[in-house]
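Enquirer: Need coordinates for the below:
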Amino acid sequence: VSDGRSLSAPVAEKKPKPVRFGKPEGHEKCVERPLDPVREHLDPYAWLRCDDRKDPQVLEHLRRENEYAEQMTQHLQEFRQTLYREMLGHVRETDDTCPHPHGPYQYYVKTLEGKSYEIHCRKPTSNQARVKAEEQVLLDVNAMAQELEYCDVPGIDPSPCHEMYVYAIDTKGSEDYDLVVVNASTGEEMDRVPRTGGCFEWDEQSAFLFYTKRDKAQRQFQIWRHKLGSQEEDALLLQENDELFNLTLAKTLSGRFIVTNSSSTETSEERFLDLEKEGAEGNLRLLQERKYGLLYSVTHRGDNFYIETNLGKQAQNFTLLVCNIEEPAMDHWEAIKGFEYDPDRYITDAVCFEDHIAVFGRQDGFTKLWILKMDGSGRGVSSLHEVEFEEFPSTVSRGINREFKTDVIRVGYQSLVSPRSVIDYNMDKKTKETKKVKPVPNYNKTLYASERLMATARDGVSIPISIVYRKDKHVPGRPEHLMLYGYGSYGICNDPFFSPSNLVLLDRGVHFAIAHIRGGGEMGRAWYEDQGKYLTKKNTFYDFIDVADHLVASNWTKPERMAIHGRSAGGLLVGAVLNMRPDICKVCLAGVPFVDLMCTMSDPSIPLTVPEWEEWGNPHDERYYDYMLSYSPIDNVSAQPYPAVMIAAGLHDPRVAYWEPAKWAAKLRELKTDSNPIILKTEMSSGHFSASDRYKYLREKAFEYAFVLDQLGLVKCDAPM
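Expert: As a prediction, the model looks like this:
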């Protein structure tokens, strides 16, 4: 039987369309120094763009690409099934999450063997002795997903009275969500709000919902108030007209305030509604008007607001300040006595409880948690301590905390070798209680090891690397197979994480490494703002290359034994790296890759383009045009050998439109000078985050990893027991 590798790849027809740079119609004010004269590119594959995803010619091309991908990997069918069985073997199919306390109930999620989706449940809390703690199923997503190819329900949110709950549902992967209000006792649908942004909150009387709406560019730009069961039109509370800004909302853990956040990458502005004094139908009040470069967010306890802010870059790594709720403007913000600004401490989150503030952040490249016991005024710290964790490197994160009046904070904890744990930490007693460790069948932690390495970039900066491997597959000084993973954008920290799916790599001797490159926030805010965006963006790509070269020079691996992997903006990373150094690896895995930088960033009608101008720059501006063009992956594909490339896309992806990976695949095939395969696989019923069905998700992962392992020559390498 032929393995299909002699087949001809689909050839995308060329229909050149001009793309103009210099004066974006309707957005001239966003370009400080427009290109003059206007420049023009020809995009030969522009016809692949179809905003409604219905063009028969486009859909047929994607289907041919999928058929080609299947035929080219036909010889891997049995191996894919082996990988899938192994991945599934590391999943406890019937399981539940650790119940979290919320009012009179403990809420949790469970899964059942053979069922693709979650089941949301609750039980009365144990101190209600008069009530038998029987499980109540609130929402079985499997039931509603039966007739759907895609079904995303991020979770449920009980009303403050706990007699109702609301859930958001997206049935395409487009991230447009209907809100559905359900009677918790009967399961009856009580109300529905269509096409929201998916961001919502209850008022404290369980009578109103606040929610966001998106504009045509998928930007959350409005906040509305909906009265349950009413025939009245919903009330528009706030509209953000500046296309650089995105609107979100949240309720403080205290339950007193609804807080709206209007933010761009570099500036934010918040308003608040006092539910206690004004009720749900009160007016939003401005906290601090926007000033370019000022980022802040607010939380609450007692008579005070607590503001996490960069003070307009005077505190680049963010500080936590305090003010009275009656005088919230910046002029009244003061340092918390005993927790003043420390430039070596990067604050990323703060959670206010009745007597404590838990501060999440980073120091020396690692996640940290500090606990502040507040004094009577709430403006000073009576005691301060850091919570210590055992493993290195590891990641601590905020867990589900729904109780304000408590001395216990719930956190998540994991490492490259330790599955995610749910830990309750008593902030007064300084004690930890592990409530649940994610069960991973057929996994023996003692067989694996992780390390933190450092590579020196070409400009002398030290770049951290986290690496994990199976001990019996590792001999120091012997080059091994290795997958190098990276992201490096938006200041997002790519911290060590445990992946059961990656065990199929580790068990075959493939080490897994994370490059903590500039553009992320691992080493502080400057790692992103000063060294990894705008006109320093190439540091991101250079760092990744320098990390790969370090791993080769240190005999961890060789180029012919290396795979590289990136998703979304990480796809831009690996796309740019392949153009700069196509010899760096044997195979590349690019998931929903953002690769058509110039075309996408030139067109304000494409979802999320305008807000991204504060990340990459605006190509209509003479300051950024040449620099962006110099690394845009599609624009720098050239006549040279490339490694094998597997590209994954989602037809309904609103973040990285499917046509970007489709155009990239066509351009690579057109110009490359080798015979290595370029595979494009488009999921026709999903979006940016792949399949919603957990079994289908694993099959997609098995497809990708089978391709990688095949290129590395490891198909016949059985995983040890």
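Enquirer: quick one, strands of the stretch 301-450 of the chain?
Expert: 304-309, 319-324, 334-335, 346-352, 356-363, 366-374, 381-386, 394-398, 408-415, 421-426, 431-437, 448-456 (DSSP state E, counting those that start in this stretch).
Enquirer: how much distance is there from the third one to the middle of the chain?
Expert: A distance of 32 Å separates the C-alpha centroid of strand 334-335 from that of its chain, computed with C-alpha atoms, centre = their mean, to the nearest Å.
Enquirer: Quick one: mean pLDDT over that strand.
Expert: For strand 334-335, the mean per-residue pLDDT is 98.
Enquirer: who does that strand pair up with?
Expert: Strand pairing for strand 334-335, determined by DSSP bridges: strand 319-324 (antiparallel).
Enquirer: same thing with the fourth one?
Expert: When pairs are called by DSSP bridges, strand 346-352 turns out to pair with strand 356-363 (antiparallel).
Enquirer: Find the centremost residue of the chain, please.
Expert: I492 (8.2 Å; C-alpha atoms, centre = their mean).
Enquirer: separation between that residue and T267?
Expert: 18 Å (C-beta to C-beta, to the nearest Å). For glycine as for every other residue, the C-beta is placed from the backbone atoms N, C-alpha and C.
Enquirer: ok, and for stretch 684-695, which residues are buried?
Expert: Of all the residues in stretch 684-695, those buried under the rule 16 or more other C-beta atoms under 10 Å are M684, S685, S686, G687, H688, F689, S690, A691, S692, D693, Y695.
Enquirer: Out of these, give me the two with the largest separation.
Expert: H688 and Y695 (19.6 Å; C-beta to C-beta).
Enquirer: tell me the contacts of M580?
Expert: Residues near M580 by C-beta atoms under 8 Å, 6 or more residues apart in numbering: F541, I545.
Enquirer: Model confidence for it, exactly?
Expert: For M580, pLDDT reads 98.
Enquirer: State the distance from it to L76.
Expert: Applying C-beta to C-beta, the value for M580 to L76 is 30 Å.
Enquirer: for W613, same thing?
Expert: 41 Å.
Enquirer: what does F497 give?
Expert: Applying C-beta to C-beta to F497 and L76 gives a distance of 27 Å.
Enquirer: So those two - more neighbours on which side?
Expert: L76 (20 against 15; other C-beta atoms under 10 Å).
Enquirer: For that one, what are phi and psi?
Expert: Dihedral angles of L76 (phi, psi; degrees, to the nearest 10) stand at phi -100, psi 10.
Enquirer: what do you get for E70?
Expert: The phi/psi pair for E70 (degrees, to the nearest 10) is phi -70, psi -40.
Enquirer: And for it, the neighbour number?
Expert: 15.
Enquirer: ditto for the one 4 residues further on
Expert: Neighbouring residues of Q74 were enumerated by other C-beta under 10 Å; the total is 14.
Enquirer: Please apply the same query to P328.
Expert: Neighbours around P328, by other C-beta under 10 Å: 21.
Enquirer: give me every residue that touches it.
Expert: For P328, the contacting residues are F272, R285, L287, Q288, V298, F305, by C-beta under 8 Å, 6+ apart.
Enquirer: would the third one count as being in a strand?
Expert: Yep, that's L287 we're talking about. Yes - according to DSSP: H, G, I helix; E, B strand; the rest coil, L287 belongs to a strand.
Enquirer: where's it relative to V109, distance?
Expert: From L287 to V109 the distance is 34 Å (C-beta to C-beta).
Enquirer: can the buried residues of stretch 684-695 go into a markdown table with extra columns for secondary structure, pLDDT and distance to Y487?
Expert: Listed next are these as a markdown table, based on DSSP: H, G, I helix; E, B strand; the rest coil; pLDDT from 0 to 100; distance: C-beta to C-beta, whole Å:
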| residue | secondary structure | pLDDT | distance to Y487 |
| --- | --- | --- | --- |
| M684 | coil | 91 | 26 |
| S685 | coil | 86 | 26 |
| S686 | coil | 84 | 20 |
| G687 | strand | 82 | 19 |
| H688 | coil | 83 | 14 |
| F689 | coil | 81 | 15 |
| S690 | strand | 81 | 16 |
| A691 | coil | 85 | 21 |
| S692 | coil | 90 | 22 |
| D693 | coil | 90 | 25 |
| Y695 | helix | 95 | 26 |
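Enquirer: sorry, back to before: wait, the residue nearest to the centre of the chain touches H516, no?
Expert: No - using C-beta atoms under 8 Å, I492 is not in contact with H516, being 11.0 Å away.
Enquirer: which helices and strands sit right next to the helix or strand hosting A665?
Expert: Per DSSP states H and E, A665 falls inside helix 659-671. Helices and strands touching helix 659-671, by 3 or more C-beta pairs under 8 Å, 6 or more residues apart in numbering; DSSP states H and E, are helix 56-72, strand 644-650, strand 678-683.
Enquirer: Could you single out the most deeply buried of these?
Expert: Highest mean neighbour count among those (mean count of other C-beta atoms under 10 Å): strand 644-650, with a mean of 26.
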